[in-house]
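In: fold the following, please.
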Amino acid sequence: MTTPNTTFNRLNPEDRKARILKAGVELAQKSGGLMTLQRLHVAHRAQCSPNLVNHYLGSRDDMIAAIIKEGIRLGNLDIIGQAVIAGHKAAKRLTADIKQKAISHTAGI
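Out: This next block holds a predicted model:
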């Protein structure tokens, strides 16, 4: 009897965190957005355990803040609009023009 040859490729920490953030941004763009985002859903999308999401992004509030910051870094108007509407502190630093574009985009104008 032989055992199947399986290899496990562990991602380095930077790649793992990037994958988790990408999953969070993708999910936050869907209906319900940031306010309904759950660690379990992010973990499933990122193909990792919820404990790894917690390890890399911290509490739920920290996770939301990290996803907003990533959305801002990417110029993602869906995420920025949600952050502006929610009054998140990361969105307060944005220019009025960006805020208006993001709100218009989020509202479908």
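In: so what pLDDT did the most centrally placed residue in the chain get?
Out: Among the residues of the chain, the one closest to the centroid is Gly24, at 2.7 Å (Cα atoms, centre = their mean). Here the pLDDT value assigned to Gly24 is 97.
In: over to Ala107?
Out: Per-residue pLDDT puts Ala107 at 82.
In: for Leu74, see how far away the residue nearest to the centre of the chain is.
Out: Using Cβ to Cβ, to the nearest Å, Gly24 is found at 12 Å from Leu74. (Glycine included, C-beta is placed from N, CA and C.)
In: related to what we said a few turns ago, phi and psi next, for the residue nearest to the centre of the chain.
Out: According to degrees, to the nearest 10, the main-chain angles of Gly24 amount to phi -60, psi -40.
In: test my guess that it contacts Arg39.
Out: No: under the contact definition of Cβ atoms under 8 Å, Gly24 does not touch Arg39, with a separation of 9.4 Å.
In: what touches both of the two?
Out: Taking Cβ atoms under 8 Å, 6 or more residues apart in numbering as the criterion, Gly24 and Arg39 both touch Met63.
In: got a list of what the residue nearest to the centre of the chain touches?
Out: Contacts of Gly24 (Cβ under 8 Å, 6+ apart): Leu37, Val42, Arg45, Ala46, Leu57, Met63, Ala66, Ile67, Glu70.
In: element containing the second one?
Out: Right, the one you point to is Val42. Mapping Val42 onto the secondary structure by DSSP states H and E places it in helix 39-46.
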